[in-house]
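Participant: Have a look at this fold, sequence not included:
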């Protein structure tokens with residue numbers, strides 16, 4: 001069972017890293033705050049331990065495989081609370097530069113949809129994070 005949980009954790013990190021990178025790239029501007037958040041949320045040591053990056057910091061085939069598996073497995077493996085925890089990470093990534101851009105919100109919503117978070121639950125969660133009023 002512990003190894004199953006470890007696998008789910010690997011998938012969670014791969015999925016979260018992939019979506020967070022899409023959010024950072026969504027507005028076409030990579031901000032220092034965004035880079036700092038990514039480095040804190042996904043330390044190189046952790047990514048290396050999973051085999052997700054090589055010695056040069058480049059993403060590996062292992063990362064891509066884990067992300068592909070995550071897309072298939074996480075909707076059934078995570079509780080709704082765990083899914084919303086990931087949405088919160090995505091929201092923090094969106095807000096790292098101080099504002100929520102529509103393109104970033106779209107990526108967040110697509111990530112939540114891929115996890116199987118119902119739209120009404122997502123909307124309520126985002127309202128709780130006070131994100132709706134800051135969209136430009």
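Facilitator: Yep, it's here. From a predicted model like this one, the values you see are computed outputs, not experimental measurements.
Participant: Mean confidence (pLDDT) on the one helix or strand residue 114 maps to, please.
Facilitator: Taking DSSP states H and E as the definition, residue 114 sits inside helix 102-115. Rounded to a whole number, the mean pLDDT of helix 102-115 is 96.
Participant: cool, and stretch 53-68?
Facilitator: In this model, stretch 53-68 has a mean pLDDT of 95.
Participant: ok, and what's touching that stretch?
Facilitator: By C-beta atoms under 8 Å, 6 or more residues apart in numbering, the residues outside stretch 53-68 that reach it are 10, 11, 13, 14, 15, 17, 18, 44, 47, 50, 51, 52. (C-beta placed from N, C-alpha, C; glycine too.)
Participant: burial of the closest residue to residue 11 other than its chain neighbours, as a residue count?
Facilitator: In space, and not counting its chain neighbours, residue 11 is closest to residue 70: 3.7 Å by C-beta to C-beta, 6 or more residues apart in numbering. Using other C-beta atoms under 10 Å, residue 70 has 26 other residues around it.
Participant: Residue 70 and residue 14 touch, don't they?
Facilitator: Yes. Counting by C-beta atoms under 8 Å, residue 70 touches residue 14, with 5.0 Å between them.
Participant: just to revisit the earlier point, from the contacts of stretch 53-68, which one has the minimum pLDDT?
Facilitator: residue 44 (93).
Participant: burial count for that residue?
Facilitator: For residue 44, the count of nearby residues is 11 (other C-beta under 10 Å).
Participant: likewise the one 10 residues further on?
Facilitator: Residue 54 is surrounded by 14 other residues when neighbours are defined as other C-beta under 10 Å.
Participant: quick one: the helices in the protein?
Facilitator: Here the chain has its helices, by DSSP state H, at 2-26, 32-41, 44-49, 61-77, 80-95, 102-115, 119-128.
Participant: backbone phi and psi for residue 58, please?
Facilitator: Dihedral pair for residue 58: phi -90, psi 140, per degrees, to the nearest 10.
Participant: Distance of it relative to residue 88?
Facilitator: 28 Å (C-beta to C-beta, to the nearest Å).
Participant: Alright, I will stop here.
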